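**Student:** here is my input, please return the structure:
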Amino acid sequence: MSEIEDNELDPRIQIELEKLNTTTDEINRLEIEYDEANTTFRMLLSESTRRLKVLSKKLGSCIERARPYYEALEIAKKAQQECQKAAVQFQRANEIHAAAKETVALAEQRFLSNQHEWQFDNAWQEMLNHATIKVTLYASSGLEFSLNGPKSG
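**Tutor:** Residues are numbered from 1 along each chain as shown. Below is the predicted model of the structure:
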């Protein structure tokens, strides 16, 4: 009786074999579908290339005459995108410049109104220097934007 039990497969193995067979069938089906799609693609590519050559022969001179327009259009689109980017950078620089300027003005005002109560210490000096550097940096970058456009690179 033990020989019969040894010859029977564990039901879990049978389940896994069924899953393997099902998955293999699915892989084969997908490979066939891929081959068919690839064949269709090659046929369409070949037909499109042939049509393009026919149209190119028929409209060749028109295409060559129109090419500079479309090249200029592409350059204009890129220039517009760069201009929009520069405008955003300029606006950001202006906002930072205004905020830094306001910080310096408030710091100076607070110091002048309270100078009899406290001393001008290192932390205060550092904060004021940092704000002044920002004012100078963003004022010059804003001037650069307004005079020359954005820096490239």
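**Student:** what's the host helix or strand of Arg29 packed up against?
**Tutor:** Taking DSSP states H and E as the definition, one finds Arg29 inside helix 11-114. Helices and strands touching helix 11-114, by 3 or more Cβ pairs under 8 Å, 6 or more residues apart in numbering; DSSP states H and E, are helix 122-148. Placement of C-beta: from N, CA and C, glycine included.
**Student:** mind pulling up the pLDDT for Tyr70?
**Tutor:** Model confidence at Tyr70, given as pLDDT, is 95.
**Student:** neighbours of it, how many?
**Tutor:** Tyr70 has 10 neighbouring residues, counting by other Cβ atoms under 10 Å.
**Student:** hang on, the earlier thing: now the helix holding Arg29, how far from the centre of its chain.
**Tutor:** Distance of helix 11-114 from its chain centroid, counting by Cα atoms, centre = their mean, to the nearest Å, is 9 Å.
**Student:** and Lys134, what does it touch?
**Tutor:** Applying Cβ atoms under 8 Å, 6 or more residues apart in numbering, we find Lys134 in contact with 96-97, 100, 103.
**Student:** neighbour count for the residues you listed - can I get that in TSV?
**Tutor:** Listed next are these as TSV, based on neighbours: other Cβ atoms under 10 Å:
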residue	neighbour count
Ile96	16
His97	19
Ala100	20
Thr103	17
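**Student:** any regions of the protein where pLDDT drops low?
**Tutor:** The chain contains residues with pLDDT under 70 at 1-7, 118-121, 139, 141-153.
**Student:** what residues sit buried inside stretch 86-100?
**Tutor:** Buried positions in stretch 86-100, judged by neighbour count with 16 or more other Cβ atoms under 10 Å: 90, 93-94, 96-97, 100.
**Student:** can you give me phi and psi for His116?
**Tutor:** Dihedral pair for His116: phi -80, psi -20, per degrees, to the nearest 10.
**Student:** could you report the neighbour count for it?
**Tutor:** Look at His116: counted by other Cβ under 10 Å, it has 5 neighbours.
**Student:** distance of it from Ala123?
**Tutor:** 19 Å (Cβ to Cβ, to the nearest Å).
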